[in-house]
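Novice: A predicted structure for the sequence below; I have some questions about it.
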Amino acid sequence: MSEIVFNSPKPEVENFQTTLATLNQQVIILREALQERDQEIAKLKENTSQVSPGSWEVKKDETLTIVGAFIKLYQYVFLPGKAV
């Protein structure tokens with residue numbers, strides 16, 4: 001009986017296959033990350049579309065500055081009845 005001897009793969013082919021497997025795994029991971037980001041973007045678009053621009057309120061700044069305090073004090077002391 002004769003034996004059939006198969007040639008063992010060359011180290012270059014094994015390295016190439018390992019590199020391809022690694023790259024394939026990285027592509028899968030990147031696709032999953034991209035899909036998660038797409039879902040986040042879709043949620044943000046949905047949330048922003050629910051808020052109408054007309055519903056925003058512009059609030060007046062009513063903080064009292066030092067100058068404003070002096071003006072109010074002046075009006076209170078020197079202009080009785082005309083204080084704001």
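Specialist: Thanks, I have it.
Novice: And the pLDDT for P11?
Specialist: Looking at P11, its pLDDT stands at 72.
Novice: which of the residues in stretch 40-50 are buried?
Specialist: Neighbour-count burial for stretch 40-50, counted by 16 or more other C-beta atoms under 10 Å, picks out no residue. The C-beta positions use only the backbone N, C-alpha and C, and glycine is treated the same way.
Novice: Show me the helices in the protein, by range?
Specialist: Assigned by DSSP state H, the chain shows helices spanning 11-50, 66-78.
Novice: need these in a markdown table with distance to V58, can you?
Specialist: Formatted as a markdown table, the helices of the chain follow (distance: least, C-beta to C-beta, whole Å):
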| stretch | distance to V58 |
| --- | --- |
| helix 11-50 | 19 |
| helix 66-78 | 20 |
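Novice: Could you tell me the least trusted of these?
Specialist: In terms of average pLDDT, helix 66-78 trails the rest of the helices of the chain, at a mean of 85.
Novice: out of the helices of the chain, nearest to K59?
Specialist: With C-beta to C-beta, the closest approach to K59 among those belongs to helix 66-78: 17.1 Å.
Novice: ok so, going back, can you say which of the helices of the chain is nearest to K60?
Specialist: Between the helices of the chain, helix 66-78 lies closest to K60; by C-beta to C-beta that is 13.2 Å.
Novice: Output the closest one as PDB - backbone C-alpha positions only.
Specialist: Presented in PDB, the C-alpha positions along helix 66-78 are these (Å, rounded to 0.1, in the frame of the first residue of the first chain):
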ATOM      1  CA  ILE A  66     -24.700  96.200  40.700                       C
ATOM      2  CA  VAL A  67     -25.700  99.100  38.400                       C
ATOM      3  CA  GLY A  68     -29.300  97.900  38.300                       C
ATOM      4  CA  ALA A  69     -29.300  97.800  42.200                       C
ATOM      5  CA  PHE A  70     -28.000 101.400  42.300                       C
ATOM      6  CA  ILE A  71     -30.700 102.500  39.900                       C
ATOM      7  CA  LYS A  72     -33.400 100.900  41.900                       C
ATOM      8  CA  LEU A  73     -32.000 102.300  45.100                       C
ATOM      9  CA  TYR A  74     -31.800 105.800  43.500                       C
ATOM     10  CA  GLN A  75     -35.400 105.500  42.300                       C
ATOM     11  CA  TYR A  76     -36.600 104.300  45.700                       C
ATOM     12  CA  VAL A  77     -34.800 107.100  47.700                       C
ATOM     13  CA  PHE A  78     -35.100 110.100  45.400                       C
END
